[in-house]
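What shape does this take:
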Amino acid sequence: MTEDSARPLRADARRNRAQILAAARRVFGARGTDVPMEEIARHAGVGIGTLYRRFPDRNSLVLAVAHDNFARVITEARAAFAEEESAWNALVRLLRTSREIQLGVQLAVLSPEASHALDADQEATRFRRELLSILDKVVRAAQREGTLRPDVGTGDVAALLSLLLRPMGAMSDLVSWQLSERAAALLLD
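Sure, this is the predicted structure:
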(Lines give C-alpha, C1' and ligand atoms only; values in the text may rest on other atoms or scores of the structure.)
Protein backbone atom coordinates (compact mmCIF):
# COMPACT_ATOMS: atom_id res chain seq x y z
CA MET A 1 0.00 0.00 0.00
CA THR A 2 1.34 3.44 -0.92
CA GLU A 3 0.46 6.70 0.72
CA ASP A 4 -2.03 7.41 -2.07
CA SER A 5 -4.26 4.54 -0.98
CA ALA A 6 -7.71 5.58 0.18
CA ARG A 7 -7.66 3.12 3.08
CA PRO A 8 -6.63 4.69 6.42
CA LEU A 9 -3.25 3.64 7.75
CA ARG A 10 -2.89 1.53 10.88
CA ALA A 11 -1.33 3.25 13.89
CA ASP A 12 2.08 1.63 13.32
CA ALA A 13 2.02 2.57 9.62
CA ARG A 14 1.13 6.18 10.50
CA ARG A 15 3.98 6.24 13.01
CA ASN A 16 6.44 4.82 10.44
CA ARG A 17 5.30 7.37 7.86
CA ALA A 18 5.75 10.22 10.35
CA GLN A 19 9.22 8.93 11.29
CA ILE A 20 10.22 8.71 7.62
CA LEU A 21 8.99 12.24 6.91
CA ALA A 22 10.80 13.64 9.97
CA ALA A 23 14.04 11.86 9.03
CA ALA A 24 13.77 12.96 5.39
CA ARG A 25 13.10 16.55 6.46
CA ARG A 26 16.25 16.54 8.64
CA VAL A 27 18.45 14.78 6.09
CA PHE A 28 17.20 16.77 3.08
CA GLY A 29 17.64 19.99 5.05
CA ALA A 30 21.20 19.11 5.99
CA ARG A 31 22.45 17.37 2.84
CA GLY A 32 19.97 17.84 -0.01
CA THR A 33 17.68 15.37 -1.70
CA ASP A 34 20.36 13.15 -3.24
CA VAL A 35 20.95 11.24 0.00
CA PRO A 36 20.49 7.48 -0.48
CA MET A 37 17.04 6.25 0.48
CA GLU A 38 18.69 3.63 2.69
CA GLU A 39 20.18 6.39 4.82
CA ILE A 40 16.79 8.04 5.26
CA ALA A 41 15.33 4.68 6.32
CA ARG A 42 18.19 4.24 8.81
CA HIS A 43 17.62 7.73 10.26
CA ALA A 44 13.90 6.96 10.53
CA GLY A 45 14.55 3.68 12.29
CA VAL A 46 12.65 1.67 9.69
CA GLY A 47 13.61 -0.87 7.07
CA ILE A 48 14.10 0.10 3.45
CA GLY A 49 11.04 -1.99 2.52
CA THR A 50 8.89 0.08 4.87
CA LEU A 51 10.18 3.29 3.32
CA TYR A 52 9.45 2.07 -0.22
CA ARG A 53 5.99 0.83 0.81
CA ARG A 54 5.10 4.37 1.85
CA PHE A 55 7.13 6.20 -0.81
CA PRO A 56 7.78 4.15 -3.96
CA ASP A 57 10.44 6.56 -5.27
CA ARG A 58 12.49 9.61 -4.30
CA ASN A 59 10.10 12.08 -5.95
CA SER A 60 7.14 10.80 -3.94
CA LEU A 61 9.17 11.25 -0.74
CA VAL A 62 10.34 14.74 -1.76
CA LEU A 63 6.77 15.75 -2.57
CA ALA A 64 5.48 14.33 0.72
CA VAL A 65 8.16 16.25 2.65
CA ALA A 66 7.34 19.42 0.68
CA HIS A 67 3.59 19.02 1.32
CA ASP A 68 4.18 18.40 5.02
CA ASN A 69 6.52 21.37 5.16
CA PHE A 70 4.11 23.69 3.35
CA ALA A 71 1.30 22.64 5.70
CA ARG A 72 3.48 23.45 8.73
CA VAL A 73 4.46 26.85 7.34
CA ILE A 74 0.86 27.73 6.46
CA THR A 75 -0.30 26.74 9.94
CA GLU A 76 2.42 28.94 11.48
CA ALA A 77 1.63 31.86 9.14
CA ARG A 78 -2.07 31.72 10.02
CA ALA A 79 -1.26 31.49 13.73
CA ALA A 80 1.13 34.44 13.53
CA PHE A 81 -1.47 36.60 11.75
CA ALA A 82 -4.23 35.60 14.20
CA GLU A 83 -2.24 35.72 17.44
CA GLU A 84 0.07 38.71 17.11
CA GLU A 85 -1.19 42.13 18.18
CA SER A 86 0.00 43.74 14.96
CA ALA A 87 0.66 42.69 11.39
CA TRP A 88 4.25 43.87 11.80
CA ASN A 89 4.71 41.49 14.73
CA ALA A 90 3.22 38.69 12.63
CA LEU A 91 5.70 39.44 9.83
CA VAL A 92 8.60 39.47 12.30
CA ARG A 93 7.38 36.20 13.79
CA LEU A 94 7.30 34.62 10.34
CA LEU A 95 10.85 35.75 9.68
CA ARG A 96 12.04 34.52 13.07
CA THR A 97 10.40 31.11 12.81
CA SER A 98 11.45 30.40 9.28
CA ARG A 99 13.32 27.10 9.70
CA GLU A 100 10.39 25.28 8.09
CA ILE A 101 10.41 27.72 5.19
CA GLN A 102 14.15 27.14 4.78
CA LEU A 103 13.63 23.50 3.84
CA GLY A 104 11.12 24.48 1.16
CA VAL A 105 13.61 26.93 -0.31
CA GLN A 106 16.35 24.31 -0.23
CA LEU A 107 14.17 21.75 -1.97
CA ALA A 108 13.25 24.22 -4.68
CA VAL A 109 16.65 25.84 -5.16
CA LEU A 110 19.29 23.21 -4.55
CA SER A 111 17.81 20.21 -6.29
CA PRO A 112 16.80 20.51 -9.94
CA GLU A 113 14.87 17.22 -9.69
CA ALA A 114 12.98 18.39 -6.60
CA SER A 115 12.35 21.78 -8.17
CA HIS A 116 10.90 20.14 -11.28
CA ALA A 117 8.73 17.78 -9.22
CA LEU A 118 7.43 20.68 -7.11
CA ASP A 119 6.75 22.84 -10.17
CA ALA A 120 4.72 20.05 -11.76
CA ASP A 121 2.77 19.19 -8.58
CA GLN A 122 -0.68 20.77 -8.31
CA GLU A 123 -0.81 20.36 -4.54
CA ALA A 124 2.51 22.19 -4.09
CA THR A 125 1.21 24.94 -6.37
CA ARG A 126 -1.93 25.23 -4.23
CA PHE A 127 0.17 25.40 -1.06
CA ARG A 128 2.40 28.12 -2.56
CA ARG A 129 -0.61 30.19 -3.56
CA GLU A 130 -2.14 29.82 -0.11
CA LEU A 131 1.09 30.82 1.61
CA LEU A 132 1.53 33.84 -0.66
CA SER A 133 -2.08 34.82 0.01
CA ILE A 134 -1.48 34.78 3.77
CA LEU A 135 1.80 36.67 3.36
CA ASP A 136 -0.03 39.22 1.19
CA LYS A 137 -2.62 39.76 3.95
CA VAL A 138 0.14 40.29 6.50
CA VAL A 139 2.03 42.71 4.22
CA ARG A 140 -1.08 44.74 3.36
CA ALA A 141 -2.16 44.90 7.00
CA ALA A 142 1.32 46.07 8.05
CA GLN A 143 1.17 48.76 5.38
CA ARG A 144 -2.25 49.89 6.61
CA GLU A 145 -0.80 50.09 10.13
CA GLY A 146 2.02 52.21 8.81
CA THR A 147 4.63 49.73 10.09
CA LEU A 148 5.77 48.58 6.64
CA ARG A 149 6.78 50.89 3.82
CA PRO A 150 4.06 51.21 1.17
CA ASP A 151 6.52 50.48 -1.65
CA VAL A 152 7.43 47.05 -0.26
CA GLY A 153 5.18 44.43 -1.82
CA THR A 154 4.47 40.82 -1.04
CA GLY A 155 6.78 39.72 -3.84
CA ASP A 156 9.57 41.80 -2.32
CA VAL A 157 9.10 40.17 1.07
CA ALA A 158 8.93 36.68 -0.46
CA ALA A 159 12.09 37.31 -2.53
CA LEU A 160 14.01 38.71 0.45
CA LEU A 161 12.89 35.82 2.62
CA SER A 162 14.04 33.40 -0.06
CA LEU A 163 17.45 35.07 -0.20
CA LEU A 164 17.77 35.02 3.59
CA LEU A 165 16.96 31.33 3.73
CA ARG A 166 19.38 30.07 1.10
CA PRO A 167 22.06 27.81 2.54
CA MET A 168 25.38 29.58 2.96
CA GLY A 169 27.85 27.13 1.51
CA ALA A 170 30.09 25.00 3.68
CA MET A 171 29.35 26.83 6.93
CA SER A 172 28.03 24.94 9.90
CA ASP A 173 24.26 25.02 10.40
CA LEU A 174 24.75 27.16 13.52
CA VAL A 175 26.92 29.76 11.76
CA SER A 176 24.61 29.80 8.75
CA TRP A 177 21.57 30.27 10.99
CA GLN A 178 23.30 33.04 13.00
CA LEU A 179 24.14 34.89 9.78
CA SER A 180 20.55 34.49 8.58
CA GLU A 181 19.29 35.83 11.90
CA ARG A 182 21.63 38.82 11.64
CA ALA A 183 20.57 39.50 8.05
CA ALA A 184 16.89 39.25 9.08
CA ALA A 185 17.47 41.73 11.91
CA LEU A 186 19.15 44.18 9.52
CA LEU A 187 16.35 43.73 6.99
CA LEU A 188 13.70 44.39 9.63
CA ASP A 189 15.52 47.53 10.78
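
Can you report how many residues lie near G45?
Per other CB atoms under 10 Å, the neighbour tally for G45 reads 11. The C-beta positions use only the backbone N, C-alpha and C, and glycine is treated the same way.

show me the contacts for it.
Neighbour list for G45: Q19, A23 [criterion: CB atoms under 8 Å, 6 or more residues apart in numbering].

Show me what counts as buried in the helix or strand where L118 lies.
Here L118 sits within helix 112-120, counting by DSSP states H and E. By 16 or more other CB atoms under 10 Å, the buried positions in helix 112-120 come out as A114, A117, L118.

Give me the angle between the longest helix along the chain and helix 112-120.
The single longest helix within the chain, with elements called by DSSP state H, is helix 58-83. Angle of helix 58-83 versus helix 112-120, following axes from the mean of the first three to the mean of the last three CA atoms, to 10 degrees, is 60 degrees.

Next, find the distance separating the nearest residue to V35 once chain neighbours are set aside from A41.
Closest residue to V35 apart from its sequence neighbours, by CB to CB, 6 or more residues apart in numbering: V27 at 5.0 Å. Distance, V27 to A41, by CB to CB, to the nearest Å: 10 Å.

So what does the residue of the chain most remote from its centre look like in phi/psi?
Centroid-distance maximum for the chain: G146 at 29.1 Å, with CA atoms, centre = their mean. The phi/psi pair for G146 (degrees, to the nearest 10) reads phi 90, psi 10.

what about it, distance to S86?
Distance of G146 to S86, given as CB to CB: 10 Å.

now the helix or strand containing R129 against helix 58-83, angle please.
Following DSSP H and E, one finds R129 within helix 122-145. Angle of helix 122-145 versus helix 58-83, following the same axes, to 10 degrees, is 20 degrees.

Report the distance from the helix or strand following helix 122-145 to the chain centre.
Using DSSP H and E, the helix or strand that follows helix 122-145 towards the C-terminus is helix 154-165. In terms of CA atoms, centre = their mean, to the nearest Å, the centre of helix 154-165 is found 14 Å from the chain centre.

could you check the angle helix 122-145 makes with whichever helix or strand comes after the longest helix of the chain?
Later in the chain than helix 58-83, the nearest helix or strand by DSSP H and E is helix 87-96. Angle, helix 87-96 to helix 122-145, by the same axes, to 10 degrees: 140 degrees.

which helices and strands does helix 87-96 pack with?
Packing partners of helix 87-96 (3 or more CB pairs under 8 Å, 6 or more residues apart in numbering; DSSP states H and E): helix 58-83, helix 122-145, helix 154-165, helix 173-188.
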